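**Student:** return atomic coordinates for the entry below.
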Amino acid sequence: PNDAGVGPAPVPPAATAPVPGRITQRYWLVTEQTTPGMTDFDIDVYVNSRWVRRLRNNEEQVVVDITGQLRPGPNAVTLIARKVAGGSRRSNSPNNVFKVIIGEGNEGGGNVMIDTPLIRFQKTAADAQDATEEFTLTTR
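**Tutor:** Got it, this is the predicted structure:
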């Protein structure tokens, strides 16, 4: 017999990818420039709409642990490259490159090794336009 007072069994929620309760990897931002100062771009870095830092055109290599800026699961990483106004351009060569790489890595002996690059962004001296790119970085 059917009990009139009992409704159908509740439907379980749709399975979504589990979000870890904590981040188990370390995440690094590293820059590479063919020749510092030649691209005339500064790049602002935002994580989840919060400004992290400006990567300057004339800086030597930057290596930053950004794990503390991230939350478990998906994160929005925005990179905004702006051409630095300063009279004549030092170079127009596509061979002068300013790269930003963000990924999982480890530190040892004063060096950082990125084992799994997750985000790659670059501008060259040949680029004349500012650029904004947004990426999703999912932590584990």
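**Student:** residue ranges with poor pLDDT in the chain?
**Tutor:** Within the chain, the ranges that satisfy pLDDT under 70 run 1-20.
**Student:** all strands of it, in order?
**Tutor:** Taking DSSP state E as the test, the strands found in the chain are 27-33, 41-47, 50-55, 63-65, 74-83, 97-108, 111-124, 131-138.
**Student:** elements contacting the first one?
**Tutor:** In other words, strand 27-33. On a contact count with 3 or more Cβ pairs under 8 Å, 6 or more residues apart in numbering; DSSP states H and E, strand 27-33 meets strand 63-65, strand 97-108, strand 111-124. (Glycine included, C-beta is placed from N, CA and C.)
**Student:** okay if I get the ones you listed as TSV plus distance to residue 83 and mean neighbour count?
**Tutor:** Output for these, formatted as TSV (distance: least, Cβ to Cβ, whole Å; neighbours: other Cβ atoms under 10 Å):
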stretch	distance to residue 83	mean neighbour count
strand 63-65	23	14
strand 97-108	11	18
strand 111-124	9	15
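**Student:** can I get these in CSV including distance to residue 35?
**Tutor:** Formatted as CSV, the helices and strands packed on strand 27-33 follow (distance: least, Cβ to Cβ, whole Å):
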stretch, distance to residue 35
strand 63-65, 18
strand 97-108, 9
strand 111-124, 12
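**Student:** so which of the ones you listed comes closest to residue 74?
**Tutor:** With Cβ to Cβ as the measure, strand 111-124 is the member of the helices and strands packed on strand 27-33 nearest residue 74 (11.7 Å).
**Student:** okay, now the sheet partners of the closest one, with direction.
**Tutor:** strand 97-108 (antiparallel) (DSSP bridges).
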